[in-house]
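Undergrad: what would the 3D arrangement of this be:
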Amino acid sequence: MTSESTDSVFAGLDAIDWTSLEHAYGPAGDVPDQLRALCGEDADGREQALDDLYGNIFHQGSRYQASASAVPFLARMATAPALPGRASAVELLAALAIGFDEAHLPGGVAVEEWRRDMADLRAKDPAEMLAEYDAWVARATDEGERRAREFQRRMFDFDRHLASGEAELAAYDAVRREVPALAALLADPEPAVRAETCRLLAWFPEEAAAALPLLLDLADRETVPAVAASALIAAGLLGDEALVERLRSFLTADAAPVRRGAAIALARLGSTGAESAVDAAVLAELAAVEADDSDSEEESESDGPTVPFHDGDLRGYAALALTQVADRYPAEALAAVTTGLASASGPAAFPVTAAALSLAFGNRPPTALPPFADLDEGQQRLVTTLASMGDDTWCWGNFREILRGWQIPADQAELRTYAGLPTT
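TA: Alright, predicted model coming up:
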């Protein structure tokens, strides 16, 4: 690493009045030093700087005024070959663009809808929005729901809501401006950089015309299975029916991650109307992910990069993809996700649980849970699996909240009694 490298990365950094920009903790005057530390010689200092930036310009998924201003410097870091931690810079850029990618999966970023929503919000009368909130509170079906909605109504601040939305879209567009330069990282020597770049490109459908040929070319020549899978998933998120046959050819690849990346991509294309995208081979690969215990992040780290989509949780992502094939294979999709749920635990069980309940009960939760004997075989198996999850899953309020949303008892003993299982 040379001083010339960092000089070019940070050109113009001090010309920005960072103290006039906000991040999660107020004025963003600390961001320049954190950006410089991210390129420093000290590994511990780089790690601390990355943690700091995730905490202030990307705080629990939120973006702020300072977020967009940091983007050009992070992009220069990512594309400077002599600098360390470039994969982390690409990962942070993707986070600044879209937040947590789980919010956009399995369908991808609906950017046209996002832009329309922001235009509508800018045109809104704050008093009109408060009246909509009041009507929403009035529609609560019970006292607990009413109190929860009243709390949200009291906390609503139109100006803050608008500023947050503007900051999120500004960060997205700031990263989009860097996409042409970042796309060159698909040829980077580091597999982790290539994989993270695939994931980043997947979130920019407005850049698909340029990105798709690069991703498909990478998938054809890539020798690292996780990177090839990442390129296929990204292509599936950006493409349309014209890609189906090209992606289907990867279903016969020797490497399981490549086959599974192709299946996830094809499931998404099938959900957009490409009827030829989904068949039994796609279902079989997605089901194999749910049944495979060897896909954990811990077991894969020693073999190279993981597929970074869905925070590296391929089982959770495959469960979402299975919801996209449910119109053709409803029973099989539910059975596969329930199998995956039986092997999941803790936070990794959350997306699988949500997908399984959606497959079991449809898009709309039942108004009341029927007697266990009235459930069909797939529903009974799912409920029994949920009731048998370990304490490392039941201890999470997030898990119990998912169950409540589907009228499933959120107390394990109560659910086991409902399913006719021993409560001890």
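Undergrad: do I have it right that His59 meets Ala28?
TA: No. Contact criterion Cβ atoms under 8 Å: His59 and Ala28 do not qualify, at 11.8 Å. Every C-beta, even on glycine, is put in place using the N, C-alpha and C of the backbone.
Undergrad: so between those two, which is more surrounded?
TA: Ala28 (25 against 15; other Cβ atoms under 10 Å).
Undergrad: right, and the more buried one touches Trp18 too?
TA: Yes. Here Ala28 lies in contact with Trp18, judged by Cβ under 8 Å, at a distance of 4.7 Å.
Undergrad: need the overlap of contacts for the two.
TA: Taking Cβ atoms under 8 Å, 6 or more residues apart in numbering as the contact rule, Ala28 and Trp18 both touch Ala66, Ser69.
Undergrad: doesn't Gly29 fall inside a helix?
TA: No. Under DSSP: H, G, I helix; E, B strand; the rest coil, Gly29 falls outside any helix and is assigned coil.
Undergrad: and it, its phi and psi?
TA: Phi and psi for Gly29, reported as degrees, to the nearest 10, are phi -60, psi -20.
Undergrad: now it. Nearest residue, chain neighbours left out?
TA: Distances taken as Cβ to Cβ, 6 or more residues apart in numbering put Thr19 closest to Gly29, at 4.3 Å, once the chain neighbours are dropped.
Undergrad: OK, contacts around the one you found?
TA: Here Thr19 is in contact with Pro27, Ala28, Gly29 (Cβ under 8 Å, 6+ apart).
Undergrad: which stretches of the stretch 301-424 of the chain form helices?
TA: 314-323, 330-343, 349-361, 377-387, 391-394, 397-405, 412-418 (DSSP state H, counting those that start in this stretch).
Undergrad: which parts of whichever helix in the chain runs longest are buried?
TA: In the chain, assigned by DSSP state H, the helix with the most residues is helix 158-182. Buried residues in helix 158-182, counting neighbours by 16 or more other Cβ atoms under 10 Å, are found at 162, 165-176, 178-179, 182.
Undergrad: then stretch 268-279?
TA: Those would be Arg268, Leu269, Gly270, Ser271, Ala274, Ala277, Val278, Asp279, for stretch 268-279 by 16+ other Cβ under 10 Å.
Undergrad: now do the end-to-end distance for that stretch.
TA: Across its full length, stretch 268-279 reaches 13 Å end to end, with Cα to Cα, to the nearest Å as the criterion.
Undergrad: other residues contacting the helix or strand hosting Ala148?
TA: Element membership of Ala148, judged by DSSP states H and E, is helix 143-155. With contact meaning Cβ under 8 Å, 6+ apart, helix 143-155 is reached by Leu130, Tyr133, Asp134, Trp136, Val137, Ala140.
Undergrad: now list the buried members of the residues you listed.
TA: The buried subset of the contacts of helix 143-155 (16+ other Cβ under 10 Å) comprises Tyr133, Val137.
Undergrad: where does the protein have low pLDDT?
TA: 1-5, 294-303 (pLDDT under 70).
Undergrad: mind giving me the domain ranges of it?
TA: 209-321, 326-424 (automatic domain parsing).
Undergrad: end-to-end on the shortest one?
TA: Spelled out, that is domain 326-424. End-to-end for domain 326-424, by Cα to Cα: 35 Å.
Undergrad: can you check stretch 9-18 too?
TA: 17 Å.
Undergrad: distance check, Glu132 against Phe151.
TA: For Glu132, the distance to Phe151 equals 16 Å [Cβ to Cβ, to the nearest Å].
Undergrad: again with Ala288
TA: Counting by Cβ to Cβ, the gap from Ala288 to Phe151 is 44 Å.
Undergrad: who has more neighbours, these two?
TA: For Ala288 versus Phe151, neighbours defined as other Cβ under 10 Å are more numerous around Ala288 (16 against 11).
Undergrad: so that one makes contact with Arg260?
TA: Yes. Shown here, Ala288 and Arg260 form a contact pair, counting by Cβ under 8 Å, at 7.0 Å.
Undergrad: what about the strands in the protein?
TA: 22-23, 26-27, 58-59, 62-63 (DSSP state E).
Undergrad: who's in contact with Phe250?
TA: Taking Cβ under 8 Å, 6+ apart, one finds Ala219, Ala228, Leu232, Val258, Arg259, Gly261, Ala262 in contact with Phe250.
Undergrad: at 10 Å what do you get?
TA: Neighbouring residues of Phe250 by Cβ atoms under 10 Å, 6 or more residues apart in numbering: 219-220, 228-229, 231-232, 235, 258-263, 265-266, 285.
Undergrad: re the thing from before, between His59 and Ala28, which contacts overlap?
TA: What both His59 and Ala28 touch, as defined by Cβ under 10 Å, 6+ apart, is the set Ser67.
Undergrad: follow-up on the earlier one: buried ones in the helix holding Ala148?
TA: Buried, per 16+ other Cβ under 10 Å, within helix 143-155: Arg149.
Undergrad: to the chain's geometric centre, what's the distance from that helix?
TA: Chain-centre distance of helix 143-155: 28 Å, with Cα atoms, centre = their mean, to the nearest Å.
Undergrad: looking at it, Gln380 is touching Ala419, isn't it?
TA: Yes. Using Cβ atoms under 10 Å, Gln380 is in contact with Ala419, at 7.6 Å.
Undergrad: shared neighbours of those two, which are they?
TA: Phe372.
Undergrad: need the helices for the stretch 101-250 of the chain, in chain order.
TA: 111-123, 126-138, 143-155, 158-182, 191-201, 208-221, 225-238, 244-248.
Undergrad: now for the ones you listed, which one comes closest to Leu357?
TA: helix 143-155 (19.2 Å; Cβ to Cβ).
Undergrad: could you give the angle of the closest one to helix 126-138?
TA: 170 degrees (axes from the mean of the first three to the mean of the last three Cα atoms, to 10 degrees).
Undergrad: what would the helices of the stretch 101-250 of the chain look like in TSV with distance to Ala37?
TA: Below are these laid out as TSV (distance: least, Cβ to Cβ, whole Å):
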stretch	distance to Ala37
helix 111-123	33
helix 126-138	41
helix 143-155	35
helix 158-182	21
helix 191-201	20
helix 208-221	31
helix 225-238	28
helix 244-248	41
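Undergrad: quick one: closest of these to Trp406.
TA: helix 143-155 (15.2 Å).
Undergrad: would you list the phi and psi of Gly273?
TA: Dihedral angles (degrees, to the nearest 10) for Gly273: phi 110, psi 0.
Undergrad: distance of it relative to Asp14?
TA: 51 Å.
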